[in-house]
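okay, structure incoming, though there's no sequence with it:
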C-alpha cells in the first residue's frame with residue numbers, strides 16, 4: 001500500500017509540473033532583467049568649516065534688538081523692589097547719632113543710628129564707619145576718638161534741662 005500511495009502522489013505532482021515550470025521561468029527572468037543599482041557608496045569629502053570667514057561674510061546680516069524703553073535698564077531684575085544696591089556715598093560730617101546706651105553689668109553697648117537710617121549697636125574700642133573708635137561709653141554719652149580728634153555724642157532727649 002505504501003508504494004501505491006507514493007505512485008498516486010507522483011501522479012498528482014504531474015498536474016502541477018506546468019505551474020512549477022512557469023514559476024521557475026519567471027524567477028529566472030527576474031534575475032536576467034534586474035540590473036545593479038546605481039548607488040554611490042563612496043564617502044563624500046568633508047568640507048572644511050571656517051567660522052571666521054562665514055562671520056565676516058554675514059557680519060552685515062546681524063540684526064540686534066533695540067530697546068525702546070529705558071525702564072528695563074533702570075530696574076534691577078534680581079531684587080524684589082527693583083532697586084540696585086546703595087551707591088557708596090561719602091558720609092556726612094556726623095554720620096551717626098546716639099540713640100541709647102545699654103549697660104548690663106560690666107558690658108556697655110551704644111545703640112547708634114547712621115546717616116542712612118540703619119540702627120546698629122557698638123561696644124567700646126570698636127571701629128566706626130568714618131574711622132572713629134569708641135573710646136568710652138558713659139550713661140548718656142559716647143566719646144569717639146580718631147587720631148588726636150575727639151568727638152562726643154550725646155543722647156537726645158525731649159526733657160528740658162534746668163538752667164543753672
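Structure's in. What do you need? As the structure is a computational prediction, the values presented were derived from the model and not from experiment. Numbering: from 1, shown residues only.

can you pull out the strands in the chain?
With DSSP state E, the ranges of strands along the chain come out as 96-104, 107-114, 119-123, 133-137, 141-146, 149-154.

reformat the ones you listed as CSV; add mean neighbour count.
In short, each C-beta sits where N, CA and C put it, glycine included. Below are those laid out as CSV (neighbours: other Cβ atoms under 10 Å):
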stretch, mean neighbour count
strand 96-104, 15
strand 107-114, 17
strand 119-123, 13
strand 133-137, 17
strand 141-146, 17
strand 149-154, 13
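
could you redo those as JSON lines and give each row mean pLDDT and distance to residue 3?
Shown next, in JSON lines, are these (pLDDT from 0 to 100; distance: least, Cβ to Cβ, whole Å):
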{"stretch": "strand 96-104", "mean pLDDT": "89", "distance to residue 3": "127"}
{"stretch": "strand 107-114", "mean pLDDT": "91", "distance to residue 3": "124"}
{"stretch": "strand 119-123", "mean pLDDT": "91", "distance to residue 3": "121"}
{"stretch": "strand 133-137", "mean pLDDT": "92", "distance to residue 3": "130"}
{"stretch": "strand 141-146", "mean pLDDT": "92", "distance to residue 3": "133"}
{"stretch": "strand 149-154", "mean pLDDT": "90", "distance to residue 3": "134"}
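
compile the ones you listed into CSV and extend it with columns for distance to residue 32.
CSV is the format used below for those (distance: least, Cβ to Cβ, whole Å):
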stretch, distance to residue 32
strand 96-104, 107
strand 107-114, 103
strand 119-123, 102
strand 133-137, 110
strand 141-146, 111
strand 149-154, 114
